[in-house]
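> Structure, please.
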Amino acid sequence: MKLIRWGAADQEKTGVIINDIWYDTSAFGEDYNEKFFNDNGLARLDAFVKANEGKLATIPAGTRLGSPVARPSKIVCIGLNYADHAKETNAPIPPEPVIFMKSSTAMVGPFDDIVIPKNSVKTDWEVELAVVIGKKASYVDEADALDYVAGYVLHNDVSEREFQIERNGTWDKGKGCDTFAPLGPFLATQDEIADVDNLRLWLSVNGKIMQDGNTSNFIFNVPFVISYVSQFMTLLPGDVISTGTPAGVGLGFNPPVYLKEGDVVELGIDGLGSSKQQVKNYVKN
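Model (predicted):
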């Protein structure tokens with residue numbers, strides 16, 4: 001299945017995509033959140049969709065998409081998980097996964113604006129494959145790790161490099177700003193993705209391809225990452241793990257290139273669709 005959430009921000013309803021048509025599943029009565037995934041929601045939703053074949057209303061074209069999952073307990077990110085990205089940022093290949101956290105308040109829809117934070121001059125882009133956890137995971141064996149996956153989603157791990165690197169603290173400072181986690185367009189369940197370790201992922205800025213990589217170049221693959229993270233924290237249903245970005249981020253250019261108001265960022269992953277964000281400056285409400 002391909003799951004979507006649609007409608008006004010903070011008022012999203014649920015839906016599914018079948019043969020490229022968006023269908024409203026709000027009559028199912030549950031958001032795609034921790035309780036949904038924990039209570040075998042994917043199987044129950046599949047049964048609901050099949051029982052209502054030909055009866056589900058279509059969602060009007062042009063409707064806003066939100067994040068395909070409701071705000072999770074946490075967004076866990078893996079840094080420097082592609083050797084080419086580590087090289088371009090002058091970082092050593094990590095002997096173990098680098099873990100940092102991204103605030104769940106950074107989540108927005110796949111076509112929402114990226115807002116450059118107040119006082120930012122180094123806002124950057126990162127196309128990433130994100131994993132959505134399907135059931136509570138603690139001390140998971142690598143061999144069993146994929147049993148804990150609900151599905152996969154496209155993620156732009158937007159990053160402020162000065163906040164991240166130069167402000168005397170953890171990377172989190174530059175990762176959790178509002179609008180810094182566009183997710184979607186949809187959550188694809190595992191059966192939709194033939195080989196998660198062989199997916200092309202790409203990103204362009206103003207039509208110019210900046211990143212063009214493949215998950216076959218992971219330093220640490222998805223099962224290893226899930227198992228590893230679960231040794232340090234309990235993962236709850238609906239939690240998101242973002243698995244790292246390939247080379248081509250703005251920080252890696254000489255001189256570096258950063259986002260500015262009016263820029264348009266587009267990104268995609270094989271089997272997970274594409275998203276597009278326009279960049280705007282912070283304006284005090």
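
> give me the number of residues near residue 11?
Residues near residue 11, counting by other C-beta atoms under 10 Å, number 8. (Each C-beta comes from the backbone N, C-alpha and C, glycine too.)

> Tell me the secondary structure of it, please.
In three-state terms, and counting by DSSP: H, G, I helix; E, B strand; the rest coil, residue 11 is coil.

> What distance do you get for it to residue 55?
The gap separating residue 11 from residue 55 is 24 Å, by C-beta to C-beta, to the nearest Å.

> Residue 235 too?
Computed as C-beta to C-beta, the residue 235 to residue 55 distance reads 35 Å.

> more neighbours, the two?
Comparing residue 235 with residue 55 by other C-beta under 10 Å, the one with more neighbours is residue 235, at 25 against 9.

> For that one, give me its contacts.
Residue 235 is in contact with 76, 133, 136, 137, 138, 148, 226, 229, 241, counting by C-beta atoms under 8 Å, 6 or more residues apart in numbering.

> roughly how far out does stretch 184-196 sit from the chain middle?
For stretch 184-196, the distance from its own C-alpha centre to the chain's C-alpha centre is 12 Å (C-alpha atoms, centre = their mean, to the nearest Å).

> Same check on stretch 173-182?
What separates the centre of stretch 173-182 from the centre of its chain is 12 Å, taken as C-alpha atoms, centre = their mean.

> now stretch 209-216
For stretch 209-216 - counting by C-alpha atoms, centre = their mean - the centre lies 15 Å from the chain centre.

> again, but for stretch 161-169
Taking mean C-alpha positions (C-alpha atoms, centre = their mean), stretch 161-169 and its chain are 22 Å apart.

> repeat for stretch 161-171
Chain-centre distance of stretch 161-171: 21 Å, with C-alpha atoms, centre = their mean.

> in that stretch, what's buried?
In terms of neighbour count (16 or more other C-beta atoms under 10 Å), stretch 161-171 has its buried residues at 161, 162, 163, 164, 165, 171.

> Please list all residues in contact with the residue nearest to the third one when sequence neighbours are not counted.
Using C-beta to C-beta, 6 or more residues apart in numbering and skipping residues adjacent in sequence, the residue nearest residue 163 is residue 174, 3.6 Å away. If a contact means C-beta under 8 Å, 6+ apart, then residue 174 has 159, 160, 161, 162, 163, 164, 165, 167 as its contacts.

> measure residue 174 to residue 243 for me?
Between residue 174 and residue 243 the distance is 18 Å, computed by C-beta to C-beta.

> picking up where we left off before, so which of the contacts of residue 174 belong to strands?
Using DSSP state E, the subset of the contacts of residue 174 located in strands is 159, 160.

> will you turn the contacts of residue 174 into CSV that also has distance to residue 196?
Listed next are these as CSV, based on distance: C-beta to C-beta, whole Å:
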residue, distance to residue 196
159, 23
160, 29
161, 28
162, 33
163, 31
164, 27
165, 30
167, 34
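
> Could I get the contacts of residue 174 in JSON lines, plus columns for pLDDT and distance to residue 21?
JSON lines is the format used below for the contacts of residue 174 (pLDDT from 0 to 100; distance: C-beta to C-beta, whole Å):
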{"residue": "159", "pLDDT": "98", "distance to residue 21": "35"}
{"residue": "160", "pLDDT": "97", "distance to residue 21": "38"}
{"residue": "161", "pLDDT": "97", "distance to residue 21": "40"}
{"residue": "162", "pLDDT": "97", "distance to residue 21": "44"}
{"residue": "163", "pLDDT": "96", "distance to residue 21": "41"}
{"residue": "164", "pLDDT": "95", "distance to residue 21": "40"}
{"residue": "165", "pLDDT": "92", "distance to residue 21": "44"}
{"residue": "167", "pLDDT": "93", "distance to residue 21": "46"}
